[in-house]
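Undergrad: Build me a model from this:
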Amino acid sequence: MLVAEPEDVLELDEVWSFVLKKTEKRWLWTAMCRRTRQMVAYVIGDRSEVTCQKLWQAIPLRYKHPQTYSDFWDAYANVFPKETHHSVGKDSGETDHMERWNNTLRQWNARYVRKTLSFSKSDFYHELVTRLFIVRYNLTKLSLTT
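TA: Residues are numbered from 1 along each chain as shown. Got it, this is the predicted structure:
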């Protein structure tokens, strides 16, 4: 992961998939550095404030101070610092990179497509495939900057 800089901004979002059957939803919560386009943290869970708190805890200390932008999901406003967090609509453009990443995730990983025959059969493999995707994605961004 590239080094954080004072002017960095984090974009936050969540995207759903499922394990075994569509009623077993799993939410992938992510934090992306706008400057580097790298994922700085992620967590898989439900769509609750508890999982949002886990995302906040997963963010490295060096990325805890930048401005953050998310959608209007209440969990973000309740967990992220009010001084630096902004809830915005998709039309603001402040979460465009994160939304684009969600599209990339869905294009490259069939487990995240909304209507699919490809799905994880266990939480272990769902987490493993997601982690592998994020690591490979971050490595491609790292190689583009060096």
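
Undergrad: Please name the residues that touch Lys90.
TA: Asp71, Glu99 (Cβ atoms under 8 Å, 6 or more residues apart in numbering). Just so you know, the C-beta spots here come from the backbone N, C-alpha and C atoms, and that holds for glycine as well.

Undergrad: quick one: it from Arg106, how far?
TA: Per Cβ to Cβ, to the nearest Å, Lys90 is found 16 Å from Arg106.

Undergrad: ok, now Tyr42?
TA: As for Tyr42, its distance to Arg106 is 15 Å (criterion: Cβ to Cβ).

Undergrad: These two: which is more packed in?
TA: Under the criterion of other Cβ atoms under 10 Å, the comparison of Tyr42 against Arg106 puts Tyr42 first, with 20 against 16.

Undergrad: Tell me if the more buried one really is in a strand.
TA: Yes: residue state for Tyr42 (DSSP: H, G, I helix; E, B strand; the rest coil) corresponds to a strand.

Undergrad: mind listing the strands in the chain by residue range?
TA: 9-18, 25-33, 39-45, 67-70, 85-87 (DSSP state E).

Undergrad: Can you lay out these as JSON lines showing mean pLDDT and distance to Arg111?
TA: Converted to JSON lines, those look like this (pLDDT from 0 to 100; distance: least, Cβ to Cβ, whole Å):
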{"stretch": "strand 9-18", "mean pLDDT": "91", "distance to Arg111": "5"}
{"stretch": "strand 25-33", "mean pLDDT": "93", "distance to Arg111": "9"}
{"stretch": "strand 39-45", "mean pLDDT": "95", "distance to Arg111": "11"}
{"stretch": "strand 67-70", "mean pLDDT": "96", "distance to Arg111": "23"}
{"stretch": "strand 85-87", "mean pLDDT": "96", "distance to Arg111": "28"}
